[in-house]
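Peer 1: sharing a sequence plus its predicted fold:
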Amino acid sequence: MEIYKYNGKNIKDILNLALYELNVSEKDIIYHTDDSKSNLFRKSIDVEIILKEELKNYVIETIKKILKEMKIKSKKIVYKIEDDTISINLESNKNSNLIGKNAYNLRCLNVIMKSFME
């Protein structure tokens, strides 16, 4: 998964440049801004952009690798992004092993995936 980095003075101009260079629309990206480098005399905004399709492929491949290590075969992985929230629906041959006692395994998988996304 590639993270595209841009810098400029105006978020609108930065996004327009990035969308043009990447040949995508705003609905196809997720971006994060950081203006911590700004000061009284100089305004600078850093923008990190990820393509949603690349993110989807990265997330699915990562989950498949984790499930393989757990010796669980995934029957179906459904990935959805709504309002910048990623939802993943898994079906496996061993749902009880995937969930674990008191949902421990499922919570751990959630924590691992959240740490990958940061």
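Peer 2: Cool, got the structure.
Peer 1: so, low pLDDT: which residues of the protein?
Peer 2: 36-41, 84 (pLDDT under 70).
Peer 1: what are the ranges of the strands in it?
Peer 2: 4-8, 29-34, 45-51, 74-82, 85-92 (DSSP state E).
Peer 1: the first one: partners in the sheet, and parallel or antiparallel?
Peer 2: Meaning strand 4-8. Partner strands and pairing direction for strand 4-8 (DSSP bridges) are strand 45-51 (antiparallel).
Peer 1: what about the partner strand, distance to the chain center?
Peer 2: With Cα atoms, centre = their mean, to the nearest Å as the basis, strand 45-51 stands 12 Å off its chain's centre.
Peer 1: what count of nearby residues applies to residue 104?
Peer 2: Residue 104 has 10 neighbours, counted by other Cβ atoms under 10 Å. (C-beta placed from N, C-alpha, C; glycine too.)
Peer 1: residues in contact with it?
Peer 2: By Cβ atoms under 8 Å, 6 or more residues apart in numbering, the contact list for residue 104 is empty.
Peer 1: so the nearest residue to residue 33 once chain neighbours are set aside versus residue 11, what's the distance?
Peer 2: Leaving out its chain neighbours, the residue that sits closest to residue 33 by Cβ to Cβ, 6 or more residues apart in numbering is residue 47, at 5.3 Å. To residue 11, residue 47 is 7 Å away according to Cβ to Cβ, to the nearest Å.
Peer 1: please apply the same query to residue 43.
Peer 2: Taking Cβ to Cβ, one finds residue 43 at 11 Å from residue 11.
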